[in-house]
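Novice: the following block contains a protein sequence and its predicted model.
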Amino acid sequence: MQLKVERRLEVPGWMSLLAIIVAVIAALFIGGILLAYGGLNPVVAYKQMFKIAFTDKYSLSDTLVKATPLLLASLGVTVAFRMKLWNIGAEGQLLIGAWGATLVALFLLPKDTSRPVMLLVMVIAGFIGGGLWGLIPGVLKAYLNVNEIITSLMLTYVAVFFNNYFIYGPWSAGGFGLTAQFPKSAWFPRLLDYADPYPYFRGMTAHTGFLLGVLVAFILYALFKRSQWGYKTKLIGDNPNAARFAGINIRRQIMLAFLISGGLAGLAGMSEVAGVVHRLQESFSPGYGFTAIIVAWLANLNPLLVIIVAYLFGGLLVGGDAIQPAGIPLMIQGIIMFCVISASLLTRYRVRFVRKDKVIST
Amino acid sequence: MKKRTLWTLLVAMTALLFLLAACGGGQAEEAPAEEPAPAEEEMPAEEAPAEEEMPAEEEAAGGETLTVQGFAGEQTVTIPTVEEGMTNVAFVYVGPIGDGGWTYAHNQGRLYLEENGDNIHTAYLESIPEGADAERVIRSLARQGFDVIFTTSFGYMDPTATVAEEFPDTAFIHLTGQKKNDTNFGNVMGAMEDMKYLAGMVAGAKAAEDGSNRVGIIAPFPIAEVIRLSNAAALGMRQTCPECEMDIRWIFTWFDPVLEREAAESLLDDGATVIITGADTPGPVQAAGDRGFTGLAYDSDNACVGLEDVCLGVPYWIWGPVYLDIVEQVQAGTWVPEDFYGEASDGMLGFFGFMEGQEPYPSVPESVIPEVQDMLDKMLAGDFTRFDIFTGPINDNQGNVVIPEGTTLTQSDLEGLSQGYMDAFGIEGREACTICMDYLVEGFTPTAEIPPLD
């Protein structure tokens, strides 16, 4: 007897959905057992997590805040993944995007620049920063066929130290690991900014970054569906040889995909510093770029589904604060991811037990 | 066909489920039943003393240990919520409560508050990153109805200030910063320089006994707080050993077991025989011990557990009484936000080995014990304070006079509140410093320097 993993020829849509539901239920069940060991009633704990993440207007706003960087970074990841380019360095591209936006907000433009101009230049700088960082593995892949998984991942750590050099060195405020605060013109408008005319928005911190993310999602969706570029990326992803015979310049497409992928991740970083932190700071991202990979995967690389999945994941992160110590929600998140990914794998591939002699003969 | 694939899926999931459940059960059973000492987290397995009953395999599990310990102790998994009819106090921590250092000491303070206060319910949120999550988390606590919220790291300053403005009926207390308002937002810090002065005294005496006349200090960041504490240690060292010199290593982190140890080894390589650490783990003390030398740890009273033979003392924080005092004032409606900077006489500082009910560690030179004890008693009585430590004449390590004879530093001087610093963080209502904390005092080797920021 031997275990054989083989690809399914067809994956029915209902099965993907069912797999995810079963996986989440299984994960909550496993997490529940562990919670019970800790002396906490799992039902009470889950209720609290849900309450913190999804029930009132404030928690919905908090969840939006958390979902924003996930959304933008997963859209970036999606672009690369559709071409089967495994850009897993979105975290690093996000950090450099934030660096670019900080450069503009604190050093390139004067404090009294009008808000639209300031934010627009920051958006561009964030995109270019992340894009150039993404282009490094892109160029290496296109010209030297260097494995992009390794280069993009490793560049993430380079990005961490690159940023740390600036925030502890030339840009540091008083030697602490952070820069001075951005001028108000470099803050994304938040709901609470409108609390004076609309008291309903008091204390709600959801910011423009989410709208930017939704806008990007729709643009990408349209491009994937209708544009020549969208078709090319899909063709290269599905069958590179066919693409080459069709006369597509694969090198250029690879680099373009990395540029856009990194650029969008960079936008996530820009949106986080302009919308939430208002300065560049050490470890301001708790790994959004990595979580974004899972979000993109769960959304089946569909930009519109990414919006929904990013929002649900945002809720999971926010709800995590409902249980202490912090290791517990992290563990539950880990179990959910593990189960969902296993389920996703099992819908794409089939595990069969086959007789050994049969395998040899085929 | 479809049915079969679905079945395969379900079987696989179930198998997975049982596998994981079994792992979980196994871990929980293996964990020691008694209350474990969190300081062990940072201790390599081979050094764990036998009586701790901590099997080496548990240590090897690394990151998992914390979770397992939590399960073994009395109920440690909690939901931070308010309790009706009580004074609800929440704490936001930058690290895990099991860090055996900064956050551990704050959590001890929280437990003290719960135990000794009247009608007080506490909750905490640990490992909250400064910046991105802090404002959301603090606001969420205020919204839930907590009456007092302590935020215990410098990076929470602006987020706390922002949320304090939105919730005028909630009291906010930030630690290690300088911002406050007139109604509901104050800050708290303590004169750890006193205890570092004592650490310097012990270290100097030991270095003289070793014959090396050289002490090494590990400095996390070139910020005023760290410079002040390091200077106090050097001044203390010169009290007991006028010939001694102090060497320094900047490591640019509060917590990095590997880097802290490497810094200690570098200091030892250059001839130091006593290490004082300003970072969180006791690794440097251990590194000194491995070469037959000694060191002083930092932050919490349990920092040298298991290192008794090679440890000379621990300057540590006692947050409980300060917390209790503030919360009781809030309960009585008399609390007024202030820049609270506690002294040894306020009961918020300790030097392990010399406090009431403690014995000096065996490696502390006999001859210096009365002198240190006497100084500590003066500090606890309020007769010797941070201002006495920083009274001229004091030169820098290049021989230039920085504090002239008869001059005493102001609070702003001690905190290094330069105009640029206050502008960068938007701090208002404080005097700017005139002799700002940006020098290393005489006692440091002439080559020691504060790394420039650019």
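Specialist: Thanks, I have the structure now.

Novice: how many residues are close by the residue nearest to A:N87 when sequence neighbours are not counted?
Specialist: Beyond its immediate neighbours in the sequence, the residue positioned closest to A:N87 (Cβ to Cβ, 6 or more residues apart in numbering or on different chains) is A:A80, lying 3.8 Å away. For the C-beta atoms, the positions are set from N, CA and C on the backbone; glycine is no exception. By the measure other Cβ atoms under 10 Å in any protein chain shown, the count of residues near A:A80 is 31.

Novice: contact residues of the stretch 201-350 of chain A facing chain B?
Specialist: A:202-203, A:205, A:272, A:276-279, A:281-286, A:318, A:321-328, A:331, A:335, A:339, A:342-343, A:346-347, A:350 (Cβ under 8 Å from any Cβ of the partner chain).

Novice: ok, then the element right after the helix or strand hosting the residue nearest to A:N87?
Specialist: Using DSSP states H and E, A:A80 maps to helix A:57-82. Next in sequence after helix A:57-82, counting helices and strands by DSSP H and E, comes helix A:90-102.

Novice: run the angle between that next one and helix A:57-82 for me.
Specialist: Using axes from the mean of the first three to the mean of the last three Cα atoms, to 10 degrees, one finds that helix A:90-102 and helix A:57-82 are set 110 degrees apart in direction.

Novice: which residue packs closest to the closest residue to chain A within the stretch 201-350 of chain B, ignoring adjacent ones?
Specialist: Of all residues in the stretch 201-350 of chain B, B:I223 sits closest to chain A, with a separation of 4.0 Å (Cβ to the nearest Cβ). Spatial nearest neighbour of B:I223, chain neighbours left out: A:G175 (4.0 Å); criterion: Cβ to Cβ, 6+ apart.

Novice: hang on, the earlier thing: show the average pLDDT along the helix holding A:A80.
Specialist: Averaging the model's pLDDT scores along helix A:57-82 yields 95.

Novice: list the buried residues for that helix?
Specialist: Within helix A:57-82, the residues that count as buried by 16 or more other Cβ atoms under 10 Å in any protein chain shown are A:58-82.

Novice: likewise stretch A:11-31?
Specialist: Neighbour counts over stretch A:11-31 (16+ other Cβ under 10 Å) mark A:11, A:15-16, A:19-20, A:22-24, A:26-31 as buried.

Novice: what does stretch B:252-261 give?
Specialist: B:252-257, B:259-261.

Novice: among the residues you listed, which ones lie close to chain A?
Specialist: On the criterion Cβ under 8 Å from any Cβ, B:F252 are the entries of the buried residues of stretch B:252-261 that sit beside chain A.

Novice: coming back round to it: wait, isn't the residue of the stretch 201-350 of chain B closest to chain A in contact with A:G174?
Specialist: Yes - counting by Cβ atoms under 8 Å, A:G174 is a contact partner of B:I223 at 6.2 Å.

Novice: pull up the overlap in contacts between those two.
Specialist: Common neighbours of B:I223 and A:G174 (criterion: Cβ atoms under 8 Å, 6 or more residues apart in numbering or on different chains): B:G416.

Novice: at the geometric centre of the chain, which residue sits there?
Specialist: If you meant another chain, say so; for now it's chain A. By Cα atoms, centre = their mean, the mean C-alpha position of chain A lies nearest to A:A292, the distance being 2.4 Å.

Novice: should've been chain B
Specialist: Residue closest to the average C-alpha location in chain B (Cα atoms, centre = their mean): B:W102, at 3.1 Å.

Novice: can you pull the contacts of it?
Specialist: With contacts taken as Cβ under 8 Å, 6+ apart, B:W102 has the following neighbours: B:94-95, B:152, B:254, B:280, B:299-300, B:317.

Novice: repeat for A:G92
Specialist: Under the criterion of Cβ under 8 Å, 6+ apart, the contact list for A:G92 reads A:133, A:152, A:155-160, A:289.

Novice: going through the residues you listed, which ones are buried?
Specialist: Taking 16+ other Cβ under 10 Å as the criterion, what is buried in those is A:133, A:152, A:155-156, A:159-160, A:289.

Novice: pull the most distant pair out of these.
Specialist: Taking Cβ to Cβ as the measure, those span a maximum distance of 13.7 Å, between A:S152 and A:V160.

Novice: secondary structure element for residue 253, which one?
Specialist: In the absence of a named chain, this looks at chain A. Assigned by DSSP H and E, A:Q253 belongs to helix A:250-272.

Novice: chain B is the one I meant
Specialist: Assigning secondary structure by DSSP H and E places B:T253 outside every helix and strand.

Novice: that one touches B:A279, doesn't it?
Specialist: Yes - counting by Cβ under 8 Å, B:T253 does reach B:A279; the two are 7.0 Å apart.
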